[in-house]
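1. sharing a model that was predicted from the sequence below.
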Amino acid sequence: MVYVVAIAGSPSHPSRTYGILEYATQLLQQQDIQTEIISVRDLPAEDLVFGLYDSPRLKPVQVSIEKADALIIATPIYKAAYTGVLKAFLDLLPQKALSGKLILPLATGGTLAHLLAIDYALKPVLSELGARNFLGSVYAIDKQIQKLEDGSFQLDVEIQERLKQSLDKLVEITHRFQPIKPELTRVS
Ligand SMILES: Cc1cc2nc3c(=O)[nH]c(=O)nc-3n(C[C@H](O)[C@H](O)[C@H](O)COP(=O)(O)O)c2cc1C
């Protein structure tokens, strides 16, 4: 079964970035894809701040990433780049943790002005971690992600469509590269 891990890089709650990932993972689940969201704000702050890369508390997320066929790596734009807490987390991953993984980069920003931050800031870090296979990025601005009274988020049609295109591509590619399971032969 295809397994997709989504990393939410916002320190805030509620978070538009997290809201998009919830929407994206629901779409993937409808296609029988197993998903997990890792929110960096839920990780032990001390491990991140002190760079404790061998902390046993980080082991479960490192294992999830190791098992993933694909990752959605999502960040709000902070000061024209990714968030510091996302970088603190990525710094603690093993050297080539993203090698062989399909990556969908995603960012939310207050304005379109920092659309290219994914290319000039986020992707070089992911490449350093071994990522080579990138899907087309998704960038949404705040007014495309409306916060509802119950704390959930409503995406506008354009961003829903853009996200769906990238996720369809993700599903197609991950299925194409799934190892073919040998036929089971009944032995009586
Ligand atoms: C500290 C801080 C810095 C920000 N810097 C930028 C920026 O440089 N460019 C931009 O377009 N938006 C910037 N924003 C706006 C956020 O990227 C935007 O509101 C985003 O959707 C927040 O995502 P979240 O709700 O998942 O945290 C900044 C917001 C904060 C809190």
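-> Thanks, I have the structure now. Numbers count the residues shown, from 1 in each chain.

2. tell me where the model's unsure across the protein.
-> For the chain, the stretches with pLDDT under 70 are 179-188.

3. close to the ligand: what parts of it are there?
-> With the criterion set to C-beta under 6 Å from any ligand atom, the chain comes near the ligand through 10, 12, 15-18, 76-80, 108-111, 113-114, 142. C-beta here means a position set from N, CA and C on the backbone, and glycine is covered the same way.

4. PyMOL command for the buried members of the residues you listed?
-> The PyMOL command for the buried members of the residues of the chain next to the ligand (criterion: 16 or more other C-beta atoms under 10 Å) is given here:
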select buried, resi 10+15+16+17+18+76+77+78+108+109+114
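
5. just the ones of the residues of the chain next to the ligand in helices?
-> 16, 17, 18 (DSSP state H).

6. quick one: the strands in this protein, in order.
-> Using DSSP state E, the strands of the chain run over residues 3-8, 34-39, 70-76, 102-109, 133-134, 138-141, 145-147, 153-155.

7. for residue 84, which of those is the nearest?
-> strand 70-76 (10.2 Å; C-beta to C-beta).

8. name the helices or strands packed onto the closest one?
-> Secondary-structure packing of strand 70-76 (3 or more C-beta pairs under 8 Å, 6 or more residues apart in numbering; DSSP states H and E): strand 3-8, helix 16-29, strand 102-109, helix 157-176.

9. what pairs with that strand, parallel or antiparallel?
-> Take DSSP bridges as the rule and strand 70-76 pairs in its sheet with strand 3-8 (parallel), strand 102-109 (parallel).

10. now do the first one against helix 16-29, angle only.
-> What separates the directions of strand 3-8 and helix 16-29 is an angle of 170 degrees, with axes from the mean of the first three to the mean of the last three C-alpha atoms, to 10 degrees.

11. and the contacts of strand 3-8?
-> For strand 3-8, contacts defined as C-beta atoms under 8 Å, 6 or more residues apart in numbering pick out 15, 17-18, 21, 24-25, 28, 33-41, 64-65, 67-74, 86, 89, 170, 174.
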